[in-house]
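Undergrad: give me the fold of what follows.
(one chain, ligands or ions: 1)
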Amino acid sequence: MPRKPLIGINADFRAAARTTPAFAYIGEGYYQNIIKAGGVPVIVPPQVDEESAHRVLDAVDGFMFIGGADLDPRNDGFMLHPSVRPLNPGREASDRMLMAEIAERRMPVFGIGVGHQLLNVQQGGNLFLHLKEDLPSAVPHLDLQDTNHRHTLDVVGDSLIGRVYGDGEIRVTSRHHMAIDEVAPGFRVTARCPDGVIEAIESEMIDWFAIGTQFHPESDAASALDIRIFEEFVDAVRDSSERSSETADTDNFHLVA
Ligand SMILES: N[C@@H](CCC(=O)NCCCC(=O)O)C(=O)O
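TA: Okay, the predicted model is just below:
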């Protein structure tokens, strides 16, 4: 019986305020969908150094990055924009450290929201800092009064997202004011909003399963098809883990003369 894969999931972080302590926290939809898809979620608070990040990754089979506030553009050599609400610096530093090591290891990874944006940036792509200015013709992608604001999606047929959603009208949950501008080398766009905004990417590298969705398949308004994305991810993690075990067994196999 194949063992359930362990899926690391980063947590968001909120610093202490006058009447509340500091919190590391995560939306239920992120870990519940990993469980439903057959994985075991391992929630990972912000890591403080590379050794800790490496030890965490030694212990899991794949990793998922959740949504949150904005990547600080100054960390990528760009100017701060007045619309940017930066992530907690400790969370962002941890996320960047984890993503860099995950890429180095070619560990299966799924980025959602800002996690999707981090995957693209860490791999050499970049972002629009404010869609309202950068793409004024774009439809609304964020409604502060409606956490389940949705828009339609056009998918590329021969892709994971295309396999999951197939034909017919697709509506997804959208909560962002930034988006991918230039896609990182080795990745391709697999879904766009009809206004052209990039909504999903996936790796074209044969040795790395890496996907990102700008939309939120974990949201309360998710459809049964959204959950299929998590199933595809957990299946890919399981397959990767089993291949690694087989390779380790072969490497350890000693011919007995
Ligand atoms: N802040 C970025 C990325 C979008 C994002 O991750 N939204 C999720 C908000 C919180 C959550 O539901 O986890 C942007 O606005 O582009």
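Undergrad: can you show me the strands along the stretch 51-200 of the chain?
TA: With DSSP state E, counting those that start in this stretch, the ranges of strands along the stretch 51-200 of the chain come out as 62-65, 109-112, 127-128, 150-152, 154-155, 171-173, 179-180, 187-192, 198-203.
Undergrad: mind listing what the second one pairs with, with the direction of each?
TA: What it means is strand 109-112. In the sheet containing strand 109-112, the strands it pairs with under DSSP bridges are strand 62-65 (parallel), strand 210-213 (parallel).
Undergrad: could I get the average pLDDT for the first one?
TA: Spelled out, it's strand 62-65. Averaging pLDDT along strand 62-65 yields 98.
Undergrad: among the strands paired with strand 109-112, which is nearest the ligand?
TA: strand 62-65 (9.3 Å; Cβ to the nearest ligand atom). Every residue, glycine included, has its C-beta placed from N, CA and C.
Undergrad: from the chain's centroid, how far away is that closest one?
TA: Offset of strand 62-65 from its chain centre (Cα atoms, centre = their mean, to the nearest Å): 7 Å.
Undergrad: in the stretch 101-250 of the chain, what residue is nearest the ligand?
TA: Checking the stretch 101-250 of the chain residue by residue against the ligand with Cβ to the nearest ligand atom singles out residue 113 as nearest, at 2.4 Å.
Undergrad: report how many residues lie close to that residue.
TA: Using other Cβ atoms under 10 Å, the number of residues around residue 113 comes to 23.
Undergrad: likewise for residue 218?
TA: For residue 218, the count of nearby residues is 25 (other Cβ under 10 Å).
Undergrad: confirm that it sits in a helix.
TA: No - for residue 218, which was evaluated using DSSP: H, G, I helix; E, B strand; the rest coil, the result is coil, with no helix membership.
Undergrad: quick check: which element contains the nearest residue to residue 62 once chain neighbours are set aside?
TA: By the measure of Cβ to Cβ, 6 or more residues apart in numbering, the closest residue to residue 62 outside its immediate chain neighbours is residue 237, 3.4 Å from it. Taking DSSP states H and E as the definition, residue 237 sits inside helix 224-252.
Undergrad: quick revisit: name all residues that make contact with the residue nearest to residue 62.
TA: Contacts here follow Cβ atoms under 8 Å, 6 or more residues apart in numbering; on that basis residue 237 touches 5, 7, 39, 61, 62, 108, 209.
Undergrad: let's see it at 7 Å
TA: Listed by Cβ atoms under 7 Å, 6 or more residues apart in numbering, the contact set of residue 237 reads 5, 7, 39, 61, 62, 108.
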